[in-house]
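Asker: Got a predicted structure here, sequence first:
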Amino acid sequence: MRVLLSTYGSRGDVEPVAGLAVRLRELGAEVRVCAPPDEEFAELLTGVGVPLVPVGPPMGSMVRPSSAAEASRRVSELAALYDTIAAAAEGYDALLATGLAHFASRSVAEKLDIPYVYATFCSFLLPSPYHPPPLVLAGESVPPGVTDNRVLWDLNARTFNALHGEALNTHRASIGLPRVDDVRGFIFTDRPWLAADPTLGPWRQTPDLDVVHTGAWILPDERPLPAGLLAFLDAGEPPVYAGFGSMRGVSEDTARAAIEAIRAQGRRALVGRGWAGLALIDDRDDCFAVGEVNHQALFARVAAVVHHGGAGTTTTAARAGAPQVVVPQAGDQLYWAGRVADLGIGAGHDGPTPTTESLSAALRTALAPETRARASAVAAAIRTDGTTMAAKLLLDAASRRKAARWK
């Protein structure tokens, strides 16, 4: 069986796909991954022996659209990934997409007549009467006085059509595929997969959408921690880690606020440089900076994790039993901040730009003994079989389609 996994997004999109690819391969499938050509993604996939087909410009160069014209142009660019993905999918038996790969990938699967799945890592993005939709454009706001979630989701669907319909359908016409009238439905399909842990990211089923909740897709990381980092960890009490992953807009002031707040709690600080290139604020020996390292191993050795609230980072910290402070920057990170607070495993910061005072208050919650105890209890409940469930479902779908063709 041959399976193509297609993604376009940050590391939070690529790493789970790599985890699924490894599990599919263990079950006997031949797998390749279409992903952005960023160096860190190439290294990640090479490290686990999964072939990479580079698509599009590097994700590190992308910015969120702030106008309708920019959104339409972005969709045209994403739909144009079709040729590369179609070539990669030739002769394959199934296609699964995540992130922003859907515009091209679903059309590829339709053209090749192979099973197609779209997976998301956060229920926040899926239409439901139980929560409002995310904002589509930077700077967008909810219409005044509108609070009914169903009305808001209807408006969201119209926004998808207005922003993305023309660009998507222009491309589909160019490859001989029919027009799409419901762009959001086209993206998510009527049976999307939710690759989030049921404890961290639960889903309440609705009559309108048949969501398959697979659990989180975790790529086991066996890399040793660097010698310098190990020496720092061994030199004192567990530090507090502060890092913002793939967020490029995080300012130097955030690093300063984090270090000062951590010091105010009598703790040592460990700063993750991330895409923003965060740095230490002085040369005191109670702080250490790291680049891309094994978070699974690292988070098991820290007192708390201060982060942006990406699905992957939230899940990794939860699995490690590390209390969290989520400082959400955009999108689904607001959802994860709320979940961390609701579960009692940390605190959600109010807003994307912390001060020393605001972060100190959040850290006091995260570092409380009862928060550590709750984080340990939740860690024991986190499932680790998400990739197994997803891989088996995907291979079953491909097998059924093959069997139907042989009849």
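Answerer: Great, that's in hand.
Asker: How about H213: which residues does it bridge to?
Answerer: Beta-bridge pairing of H213 under DSSP bridges involves L194.
Asker: Run a quick neighbour tally on it.
Answerer: H213 is flanked by 17 other residues according to other CB atoms under 10 Å. Every C-beta, even on glycine, is put in place using the N, C-alpha and C of the backbone.
Asker: Helices of the stretch 251-400 of the chain, start to end?
Answerer: Using DSSP state H, counting those that start in this stretch, the helices of the stretch 251-400 of the chain run over 252-264, 295-299, 311-320, 333-343, 356-366, 369-381, 386-406.
Asker: just those helices: most buried one?
Answerer: Mean neighbour count (mean count of other CB atoms under 10 Å) peaks for helix 311-320 among the helices of the stretch 251-400 of the chain, with a mean of 26.
Asker: what does that helix rub up against?
Answerer: 11-12, 15-16, 121-122, 196-197, 199-201, 216, 218, 243, 245, 295-296, 299-300, 305, 307, 324, 326, 332, 336, 339-340, 345, 375, 378-379, 382, 384 (CB atoms under 8 Å, 6 or more residues apart in numbering).
Asker: Just the buried residues from these, in PyMOL please.
Answerer: The following PyMOL line selects those of the contacts of helix 311-320 that are buried, judged by 16 or more other CB atoms under 10 Å:
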select buried, resi 11+12+15+16+121+122+196+197+199+200+201+216+218+243+245+295+296+299+300+305+307+324+326+332+336+339+340+345+375+378+379+382
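Asker: Restricted to strands, list the contacts of helix 311-320.
Answerer: Among the contacts of helix 311-320, DSSP state E puts 243, 305, 307, 324, 326 in strands.
Asker: nearest residue to C122 other than its sequence neighbours?
Answerer: Nearest residue to C122 in three dimensions, chain neighbours excluded: D332, at 4.0 Å (CB to CB, 6 or more residues apart in numbering).
Asker: er, S360 I mean
Answerer: Leaving aside its chain neighbours, S360 sits nearest to A261 (4.4 Å; criterion: CB to CB, 6+ apart).
Asker: Check that neighbour and give its pLDDT.
Answerer: pLDDT for A261: 95.
Asker: give the contact list for it.
Answerer: So A261 contacts 354, 356-357, 359-360, 363 (CB under 8 Å, 6+ apart).
Asker: Longest helix in the protein, by number of residues?
Answerer: For the chain, the longest helix by residue count, based on DSSP state H, is helix 149-174.
Asker: want to throw the contacts of A261 into JSON lines with pLDDT?
Answerer: JSON lines is the format used below for the contacts of A261 (pLDDT from 0 to 100):
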{"residue": "P354", "pLDDT": "90"}
{"residue": "T356", "pLDDT": "94"}
{"residue": "E357", "pLDDT": "95"}
{"residue": "L359", "pLDDT": "95"}
{"residue": "S360", "pLDDT": "96"}
{"residue": "L363", "pLDDT": "97"}
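Asker: Show me which of these is closest to V50.
Answerer: Of all the contacts of A261, the one with the least separation from V50 (CB to CB) is P354, at 36.9 Å.
Asker: thinking that closest one is in contact with A257, fair?
Answerer: Yes: at 4.9 Å, P354 counts as touching A257 under the criterion of CB atoms under 8 Å.
Asker: Tell me the gap between the lowest-mean-pLDDT helix or strand in the chain and the middle of its chain.
Answerer: None of the helices or strands of the chain scores lower by mean pLDDT, DSSP states H and E than helix 68-79, at a mean of 82. Here helix 68-79 is found 21 Å from its chain centre; the criterion is CA atoms, centre = their mean, to the nearest Å.
Asker: and after it, which helix or strand comes next?
Answerer: For helix 68-79, the succeeding helix or strand toward the C-terminus, using DSSP states H and E, is helix 82-89.
Asker: quick one, that next one and helix 149-174 angle?
Answerer: Helix 82-89 and helix 149-174 are oriented at 80 degrees to each other (axes from the mean of the first three to the mean of the last three CA atoms, to 10 degrees).
Asker: And helix 82-89, what does it pack against?
Answerer: Counting contacts by 3 or more CB pairs under 8 Å, 6 or more residues apart in numbering; DSSP states H and E, helix 82-89 is packed against strand 2-8, strand 30-35, strand 52-54, helix 102-112.
Asker: Mind listing what's buried along stretch 203-216?
Answerer: 203, 209, 211, 213-216.
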